[in-house]
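A.B. asks: quick check, what structure comes out for this input:
(one chain, ligands or ions: 2)
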Amino acid sequence: PGRGGASTGHVPDEIKLVVEKHVEYIQTLDTRQDELEYWLTEHLRLNGVYWGLTALHLLGHPEALPRLATIDFVLSSQHESGGFGAAPGHDAHMLYTVSAVQILGTVDALEELDRRGKAGREKVGQYIADLQSQETGSFAGDEWGETDTRFLYGALNALSLLHMLHLVDIPKAVTYIQNCANFDGGYGVSPGAESHAGQIFTCVGALAIAGRLDLVDRDRLGGWLSERQLPNGGLSGRPEKLEDVCYSWWVASSLAMIDRLHWIDRDKLSQFILQCQDSEKGGIADRPGDMVDVFHTVFGLAGLSLIGFPGLVAVDPI
Ligand SMILES: COc1ccc(S(=O)(=O)N2Cc3cc(C#N)ccc3N(Cc3cncn3C)C[C@H]2Cc2ccccc2)cc1
Ligand SMILES: [Zn+2]
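C.D. replies: Numbers count the residues shown, from 1 in each chain. Ligands and ions are numbered 1, 2, ... in the order given. Prediction:
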């Protein structure tokens, strides 16, 4: 597709990715203990560390976070059960256990669990496996039993990083995902729920890890996902919803997993994401002009990396 203004030949001046500013933004996140926001987000601290660390790796600056302090923080959030809480003293939950495994895997420190964790790798795998429901095949977030395909995907992601997928019933999990499939080719949070890009990512990612992408109707799902792109180049999560940078990842990675990424306009998507970055202080927001945060920064960068934006480290769509 043309780069706009074809008639006058005027190419809008390209917005640059301010790599160094994004690195600084991530590095200062942990130092803002004087701000109320820092404490209000303690309940997702371990997720935040994963998002920040991944953003730095995508930017080609893995050394920008102190490796040993990061490992120590992760280990300090572990319980004897093998599970991890969002921060020291918080209850263990699937979401933070997955982030802990992803962080330790990213910095090649999974064996630290066996050396000085409150529980070794085997016990972490068992904590995750014990959250699978025997009758439905889906996964709960913790002992209180709430299920969500986010937990199913996270379980398969973390267990594959631990090489422990044999601990769970994969066929039963696949059957659960199939029960969440809708006639539009998408997937919802539970059987009968409407298709949503975030849930589609979790279901397609889980099927990919299970080696069962043959169950996906690629053209029908690819059609639904490509319709998420709006005139401004951004992607939305559902029909009639507004564009949001984090959907750059949920939609684009799902398209990449089913080999339909070329069904969206990647130039327009990258321009949209660049319009959402704060070029003074660094960071990326959900929409142009909004407050930046670490979540939209990592998923904006991951989306750019996926569509081949120059200068970013490659990312695995799964
Ligand atoms: C600022 O209010 C919030 C609201 C919710 C949450 S959350 O439940 O922890 N979570 C993660 C999240 C983190 C940040 C950051 N930093 C910002 C938002 C955001 N959302 C909310 C959001 C993003 N796009 C639009 N919306 C409304 C997703 C949500 C759920 C989610 C978690 C993990 C993976 C995927 C999705 C955190 C902050
Ligand atoms: Zn968002």
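
A.B. asks: rest of the way, CA atoms for contacts and neighbours
C.D. replies: Noted.

A.B. asks: go through stretch 273-283 and flag the buried ones.
C.D. replies: The neighbour-count check on stretch 273-283 (16 or more other C-alpha atoms under 10 Å) flags 273, 274, 275, 276, 277, 278, 279, 282, 283 as buried.

A.B. asks: in TSV, list these along with secondary structure, pLDDT and distance to ligand 1.
C.D. replies: Output for the buried residues of stretch 273-283, formatted as TSV (DSSP: H, G, I helix; E, B strand; the rest coil; pLDDT from 0 to 100; distance: C-alpha to the nearest ligand atom, whole Å):
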residue	secondary structure	pLDDT	distance to ligand 1
273	helix	98	14
274	helix	98	17
275	helix	98	16
276	coil	98	13
277	strand	98	14
278	coil	97	15
279	coil	96	18
282	coil	97	14
283	coil	97	11
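
A.B. asks: wait, residue 258 touches residue 215, no?
C.D. replies: No - the pair residue 258 / residue 215 is not scored as a contact, 10.8 Å apart, by C-alpha atoms under 8 Å.

A.B. asks: which one of these two is surrounded by more residues?
C.D. replies: residue 258 (19 against 13; other C-alpha atoms under 10 Å).

A.B. asks: quick check: pLDDT value at that one.
C.D. replies: At residue 258, the pLDDT value in this model is 98.

A.B. asks: same question, the one 3 residues further on
C.D. replies: pLDDT, residue 261: 98.

A.B. asks: run a quick neighbour tally on it.
C.D. replies: 20.

A.B. asks: dump the helix or strand of the chain with the lowest mean pLDDT to PDB, keeping only the CA atoms.
C.D. replies: Taking mean pLDDT, DSSP states H and E as the measure, the chain has helix 36-40 as its least confident helix or strand, at a mean of 81. Provided in PDB are the C-alpha atoms of helix 36-40 (Å, rounded to 0.1, in the frame of the first residue of the first chain):
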ATOM      1  CA  LEU A  36       1.500   6.700  44.900                       C
ATOM      2  CA  GLU A  37       1.100   4.900  41.600                       C
ATOM      3  CA  TYR A  38       4.100   2.700  42.500                       C
ATOM      4  CA  TRP A  39       2.400   1.400  45.600                       C
ATOM      5  CA  LEU A  40      -1.000   1.100  43.900                       C
END
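
A.B. asks: list the helices and strands the following helix or strand past that helix packs on?
C.D. replies: Next helix or strand after helix 36-40 toward the C-terminus (DSSP states H and E): helix 45-58. Using 3 or more C-alpha pairs under 8 Å, 6 or more residues apart in numbering; DSSP states H and E as the contact test, the elements touching helix 45-58 are helix 19-29, helix 94-106, helix 294-306.

A.B. asks: out of the ones you listed, which is closest to ligand 1?
C.D. replies: helix 294-306 (4.4 Å; C-alpha to the nearest ligand atom).
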